[in-house]
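In: With the sequence up front, the predicted model follows.
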Amino acid sequence: MASEINWDRLDKTKFFVVGAGLFTGVTVALYPVSVVKTRLQVASKDTLERSAFSVVKGLLKTDGIRGLYKGFGPVITGTIPARIIFLTALETTKAASLRMMEPFTLSETTQAAIANGIAGMGSAFLSQLLFVPVDVVSQKLMVQGFSGHAQYSGGLDVTRKLIRSDGIKGLYRGFGLSVMTYTPSSAVWWASYGSSQRYIWRLLGHSDSEVGTPSLPKSEVGIPSLPKSEASIPSLPEIIFVQATGGIIAAATASCFTTPLDTIKTRLQVTALEKKISVKQVVKDLIREDGWKGLYRGLGPRFFSMSAWGTSMILAYEYLKRLCAKDEEAIDR
């Protein structure tokens, strides 16, 4: 159970190169869920495919496996630099925040919680500057030909038409809602994940001193700190169980809180170029079509996506940091 690996202990070049490959692999595995979720969120009242199963069946029937990867090109191209921005901002802001709080008489748990919160919010906001245009372009490709949406020849075609119609701001449709969706979503996710982990460890008979404080960076992935007695070290199956269960609880909480915002944002972003539509109109349309449950379209796929993405990314990120850690001699030099 190694100690927390801070930003200054990482080989930055290796971190970004290996990280790009690692997160690309996770994106490839989970991308189809995003396509299904997006199609469900934009389906009109008359659309035949209004369940996850029917959407998948329709995509496979018309396009085969590649149908589940509509819009993948822009996503994989844009998310690599966006993730670099996110991870750099996350780690550097976290370190700076911890230094700023040193003069205050706060507990280590409180310091870590505040630092992680500030870092998470700041990095989420900065990464949206790249994520939103990628979202807008990829989502238009995800839904092309579905429920009356326009057809495009590719990501460049979408980008060209958006800029011609609305200028650069066309690439930032729903930017405010994206920030309002992903920033609190991240905060709720991590808060739920940390608190649920502590509760689960206690149910399993491990005290806080044995497993560490969940809000501390090293416990964000559910890896306990080294206890005094080797006999009290949690087993690998226990660690995986706690991580998975904590991720599911966090995903359920975050998805319930933020799915309405995500549904509205998605509809705004995929609206036809010639149409000008407001948030108020989107909400009215959803409620008229399906009642209040219309705001929760795609909740199932989004919950699954957040569970799978969150757990996979946490495991991948912790593994990446340990893989890219400098040895002590290199740090001293």
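Out: That came through, no problem.
In: What is the neighbour count of residue 323?
Out: 15 (other CB atoms under 10 Å). Just so you know, the C-beta spots here come from the backbone N, C-alpha and C atoms, and that holds for glycine as well.
In: Excluding chain neighbours, give the residue nearest to it in space.
Out: Take residue 323 and drop its neighbours on the chain: the residue closest to it by CB to CB, 6 or more residues apart in numbering is residue 18, 6.3 Å away.
In: mind checking how far that neighbour is from residue 265?
Out: Applying CB to CB, to the nearest Å, the value for residue 18 to residue 265 is 32 Å.
In: quick one, which of the two is more surrounded?
Out: residue 265 (28 against 15).
In: Torsion angles phi and psi at residue 324?
Out: phi -100, psi 10 (degrees, to the nearest 10).
In: Is it in contact with residue 10, as I believe?
Out: Yes - the pair residue 324 / residue 10 is scored as a contact, 5.2 Å apart, by CB atoms under 8 Å.
In: any shared contact partners between these two?
Out: With CB atoms under 8 Å, 6 or more residues apart in numbering applied, the contact sets of residue 324 and residue 10 do not overlap.
In: on that earlier part again, residues contacting the residue nearest to residue 323?
Out: 320, 323, 324.
In: mean confidence for the helix or strand hosting it?
Out: Using DSSP states H and E, residue 18 sits in helix 12-42. The pLDDT scores in helix 12-42 average 83.
In: Which element is encountered next along the chain beyond that helix?
Out: Trace forward from helix 12-42 with DSSP H and E and the next one is helix 52-63.
In: Tell me which other helices or strands that following helix touches.
Out: For helix 52-63, the packing partners by 3 or more CB pairs under 8 Å, 6 or more residues apart in numbering; DSSP states H and E come out as helix 12-42.
In: how much does the helix holding residue 18 deviate in direction from helix 52-63?
Out: Orientation check (axes from the mean of the first three to the mean of the last three CA atoms, to 10 degrees): helix 12-42 against helix 52-63 gives 100 degrees.
In: Check what pLDDT residue 159 gets.
Out: 90.
In: The one 4 residues further on now?
Out: Listed pLDDT for residue 163 reads 90.
In: ok now do it, which residues does it touch?
Out: Contacts of residue 163 (CB under 8 Å, 6+ apart): 170, 171.
In: Might you list the low-confidence residue ranges for the stretch 1-150 of the chain?
Out: Applying pLDDT under 70 to the stretch 1-150 of the chain picks out residues 1-5, 45-50, 107-113, 116-117, 147-148.
In: Make sure residue 205 is indeed in a helix.
Out: No - assigned with DSSP: H, G, I helix; E, B strand; the rest coil, residue 205 falls outside any helix and is coil.
In: Can you give me the separation between it and residue 238?
Out: 10 Å.
In: how about the closest residue in space to residue 151 that isn't next to it in sequence, secondary structure?
Out: Of all residues not flanking residue 151 in the chain, residue 144 sits nearest, at 5.0 Å (CB to CB, 6+ apart). Of the three states, residue 144 takes coil under three-state DSSP.
In: Please verify my assumption that residue 242 contacts residue 200.
Out: Yes - assessed by CB under 8 Å, residue 242 is found in contact with residue 200 at 5.0 Å.
In: more neighbours, the two?
Out: Higher neighbour count among residue 242 and residue 200: residue 242, with 26 against 20, using other CB under 10 Å.
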